[in-house]
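> Generate coordinates for the sequence data below:
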Amino acid sequence: VQLAESGGGLVQAGKSLTLSCTASIGTFRRYAAGWFRQAPGKEREFVAAASRDGVDTDYADSVKGRFTVSRDVAKNTVYLQMNSLEPEDTAVYSCAAKETVFVSSLFRTANVYDYWGQGTQVTVSS
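Here you go, the predicted structure:
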């Protein structure tokens, strides 16, 4: 399984950006998805997760109310809509996928994921 992120870039604080993560397989619906980020000098941290069907979602407290994760099963794509961006959101954002038999499962822990994308840089200027 290959995951490809896109949509990163440089934006001003307060603006919005949408990241996309597209899987190379047609059975992506068997996978729960997650978004993580890593800022320079910091550990990778959980951002958001979506269940296999996208109905259930989970967010880190730092992004709750500003970020929205969604998925288009037909397009094998997971999105991360980021609003009201802050300089503290600057990081490399990566998507991840974990195969699971449970439709509603959500995963916050990075090391349980099976596949990762290469990441996309998001830089928020003040």
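> So which residue is dead centre in this protein?
residue 35 (2.5 Å; CA atoms, centre = their mean).
> That one bridge partners, please.
residue 48, residue 95 (DSSP bridges).
> That one is in contact with residue 80, isn't it?
Yes - at 4.9 Å, residue 35 counts as touching residue 80 under the criterion of CB atoms under 8 Å. Every residue, glycine included, has its C-beta placed from N, CA and C.
> where do the contact lists of the two overlap?
19, 21, 47-48, 69, 93, 95 (CB atoms under 8 Å, 6 or more residues apart in numbering).
> Show me the strands in this structure, by range?
Along the chain, counting by DSSP state E, strands occupy 3-6, 9-12, 17-23, 31-38, 45-50, 57-59, 67-72, 77-82, 91-99, 115-116, 120-125.
> Return the most buried member of the ones you listed.
Each of the strands of the chain was scored by mean neighbour count; the highest is strand 31-38, a mean of 25, by mean count of other CB atoms under 10 Å.
> Pull it out as CSV, backbone CA atoms only.
Taking C-alpha atoms only, strand 31-38 is exported to CSV below (Å, rounded to 0.1, in the frame of the first residue of the first chain):
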residue,chain,number,x,y,z
TYR,A,31,-8.1,0.6,6.6
ALA,A,32,-8.6,3.1,9.4
ALA,A,33,-6.6,6.3,8.7
GLY,A,34,-4.7,8.7,10.8
TRP,A,35,-2.9,12.1,10.4
PHE,A,36,0.3,12.8,12.4
ARG,A,37,2.7,15.7,12.4
GLN,A,38,6.3,16.3,13.4
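> quick one: that strand to chain centroid distance?
Distance, stretch centre to chain centre, for strand 31-38: 4 Å (CA atoms, centre = their mean, to the nearest Å).
> please begin residue numbering at 121 from this point
That works, and once the first residue is 121, the last one we named lands at strand 151-158.
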